[in-house]
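Student: Okay, structure incoming, though there's no sequence with it:
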């Protein structure tokens with residue numbers, strides 16, 4: 001009989017209760033960040049879920065039954081003691097795999113690991129922090145060694161080839177302290193494709209969204225990145241047929257079909273199997289009638305790869321995420337990102353726009369040459385000159401496993417000792433030109449400057465029926481995150497907070513103080529939600545796409561709904577508007593489109609201005625023939641409700657006209673009903 005690490009023979013095991021857990025992180029007050037509904041599912045959880053199902057199906061655990069429970073702490077309450085009481089029974093061994101742990105999640109993961117261990121579970125931790133930190137260090141970093149000393153198992157690297165062995169060791173009670181797989185990069189072509197847990201999918205706002213990493217690795221050497229330390233610089237790809245089979249099967253499921261994907265490859269354009277995947281998706285869309293679309297991460301040069309951009313659009317690509325990082329040559333040189341050519345930026349973004357694809361860029365604030373004023377100039381250039389649709393801003397952070405971190409440690413640069421702050425939206429090391437306060441101000445003002453409502457209106461007016469609602473929902477999500485004061489990547493919808501789920505280094509607040517702050521927080525959330533809903537409703541009315549306005553247009557007469565419109569219309573949309581926009585504005589308003597709405601006229605004006613490289617504001621065109629501007633009605637309603645509520649708060653109820661209240665409610669039902677239906681069904 002094998003012996004466990006403590007020298008005692010393990011108890012016999014008939015069943016393995018496996019908990020796959022993605023930990024969250026602590027907020028600035030020390031509370032676990034958790035929401036009622038999430039936005040971004042974890043691909044790591046999906047990978048481990050698929051690997052477990054495959055191992056069980058192949059009988060790799062020698063007759064031991066496996067019960068798999070998937071928990072994402074971003075949307076689940078994870079209580080180790082409660083889970084132990086529920087799952088651990090005689091003959092049942094518990095295993096917790098804390099998966100995909102990034103540096104900012106490591107403090108929370110370590111706290112959970114110790115609690116699970118004390119409750120009787122065997123515990124493993126993997127992910128980019130432990131793997132990246134160990135990959136560039138001759139010995140285990142102190143925080144990792146402390147966990148090993150406490151009886152926690154570390155898994156370094158990718159587990160595809162070793163996962164059945166890890167499960168067998170856990171079932172036998174003989175887990176080793178460290179499994180170092182960093183030098184054993186697995187081939188992916190025969191591995192199972194990530195499969196989401198149906199119960200976990202229901203916790204996210206958009207249930208029909210899935211994730212797949214079709215390849216791993218990155219050929220470049222960016223100094224701030226940890227990917228090459230863990231996944232290497234050689235691209236490894238999954239079998240395209242396996243990927244396509246999984247996508248087809250998920251799209252045809254009767255319950256919770258998945259028809260929108262995020263390909264989480266760090267650079268899909270360097271996937272050696274990109275073309276067979278695109279060809280298969282094109283066939284699904286054009287021959288099988290499956291309305292599948294996706295977003296992917298690519299580098300700035302992807303548009304120069306022959307056939308890549310054109311096939312991506314036909315295959316259903318609605319958004320590309322480009323690691324732009326900076327528009328300054330000196331910043332790119334400092335980051336070792338020589339593959340980015342600033343003179344390609346405008347052409348690359350224009351190419352994706354011509355194909356009807358949204359451009360989302362990642363942008364880093366805090367390179368050595370940055371100042372507050374220069375950052376603001378760059379943000380305005382992104383928005384007005386390059387015409388980027390969406391941007392995610394990050395503060396330059398020396399993540400363990402990156403060249404930046406190794407260089408800083410060697411040079412004795414003072415680094416923030418609290419890994420909870422290594423989330424790319426806290427300053428964690430000194431900046432040569434900005435104080436921590438100036439740096440934080442530049443970061444926060446970048447979000448406010450870019451996501452100004454006038455820019456959102458302009459960007460939405462550029463969209464086609466395939467991309468409009470997707471981008472609109474992203475803007476809703478990002479504006480909600482800005483009101484919450486957090487980065488969108490760690491937010492969801494309606495923040496949940498539990499008094500006892502606080503960082504152990506901080507005291508538990510007294511009930512009265514906690515609930516006083518919590519009630520105020522909920523009231524503020526409700527107030528902000530109503531304000532945001534009215535704001536986004538007006539934005540929709542100012543930018544919406546109306547079917548009936550396109551019935552007579554050549555190439556667009558088949559426009560029906562997002563799911564029913566032929567894919568070719570996505571590209572035809574841009575060309576049709578470009579042709580009409582070339583007409584003089586007066587001619588459009590007087591003769592060419594006698595029944596056009598103000599929204600359509602603004603859309604044509606924006607497209608004409610963008611084609612000329614003009615960054616003028618969205619024109620405020622007047623409607624002819626007495627047509628009603630619903631956006632103006634929305635603004636008037638919002639102003640009326642504010643005035644009415646102010647009178648009620650001042651106890652001036654006699655100044656409230658009940659007839660006007662009924663009139664306002666009738667309009668509110670009409671406008672809000674149409675908006676909510678559109679938001680929920682993605683129909684125009």
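Tutor: Okay, I see it. Everything quoted here is computed from the prediction, not taken from an experiment.
Student: which other residues reach the helix or strand harbouring residue 108?
Tutor: Counting by DSSP states H and E, the element that carries residue 108 is helix 106-119. Outside helix 106-119, the residues within contact range by Cβ atoms under 8 Å, 6 or more residues apart in numbering are 19, 21, 23-26, 32, 73, 78, 80-81, 83-84, 88, 96, 98, 101, 123, 125, 127, 129-130, 143, 146-147, 150-152, 418-420, 503-504. (C-beta placed from N, C-alpha, C; glycine too.)
Student: Name the residues of the helix or strand harbouring residue 601 that come out as buried.
Tutor: Counting by DSSP H and E, the element that carries residue 601 is helix 598-611. Along helix 598-611, the positions that meet the burial threshold by neighbour count (16 or more other Cβ atoms under 10 Å) are 598-610.
Student: Also stretch 517-528?
Tutor: residue 525.
Student: Which residues does that stretch contact?
Tutor: 480, 483, 494, 495, 497, 509.
Student: What strand or helix carries the fourth one?
Tutor: Assigning secondary structure by DSSP H and E places residue 495 in strand 493-496.
Student: Sheet partners, orientation included, of that strand?
Tutor: strand 34-37 (antiparallel) (DSSP bridges).
Student: C-terminal to the strand it pairs with, what's the next element?
Tutor: Using DSSP H and E, the helix or strand that follows strand 34-37 towards the C-terminus is helix 43-57.
Student: What is that next one packed up against?
Tutor: On a contact count with 3 or more Cβ pairs under 8 Å, 6 or more residues apart in numbering; DSSP states H and E, helix 43-57 meets strand 15-22, strand 65-72, helix 163-172, strand 209-212.
Student: and the angle from that helix to helix 163-172?
Tutor: 70 degrees (axes from the mean of the first three to the mean of the last three Cα atoms, to 10 degrees).
Student: In helix 43-57, which of the residues would be classed as buried?
Tutor: Counting neighbours by 16+ other Cβ under 10 Å, helix 43-57 gives 43-52, 54-56 as buried.
Student: chain center to the helix or strand hosting residue 285: distance?
Tutor: When elements are assigned from DSSP H and E, residue 285 belongs to helix 274-286. Here the centre of helix 274-286 is set off from its chain's centre by 24 Å, with Cα atoms, centre = their mean, to the nearest Å.
Student: Which positions in that helix come out as buried?
Tutor: Residues of helix 274-286 classed as buried by neighbour count (16+ other Cβ under 10 Å): 274, 275, 276, 277, 278, 280, 281, 282, 284, 285.
Student: a markdown table for these, including pLDDT and distance to residue 570?
Tutor: As requested, those are arranged in a markdown table below (pLDDT from 0 to 100; distance: Cβ to Cβ, whole Å):
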| residue | pLDDT | distance to residue 570 |
| --- | --- | --- |
| 274 | 96 | 19 |
| 275 | 96 | 20 |
| 276 | 97 | 22 |
| 277 | 97 | 19 |
| 278 | 96 | 15 |
| 280 | 96 | 19 |
| 281 | 95 | 14 |
| 282 | 93 | 13 |
| 284 | 92 | 16 |
| 285 | 89 | 11 |
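Student: so how far is the longest helix that the chain contains from its chain's centroid?
Tutor: Longest helix of the chain, by residue count under DSSP state H: helix 511-543. In terms of Cα atoms, centre = their mean, the centre of helix 511-543 is set 22 Å apart from its chain centre.
Student: can you pull up the bridge partners for residue 496?
Tutor: residue 34.
Student: on that earlier part again, C-terminal to the helix holding residue 285, what's the next element?
Tutor: Going down the chain from helix 274-286, the next helix or strand is strand 293-298, by DSSP H and E.
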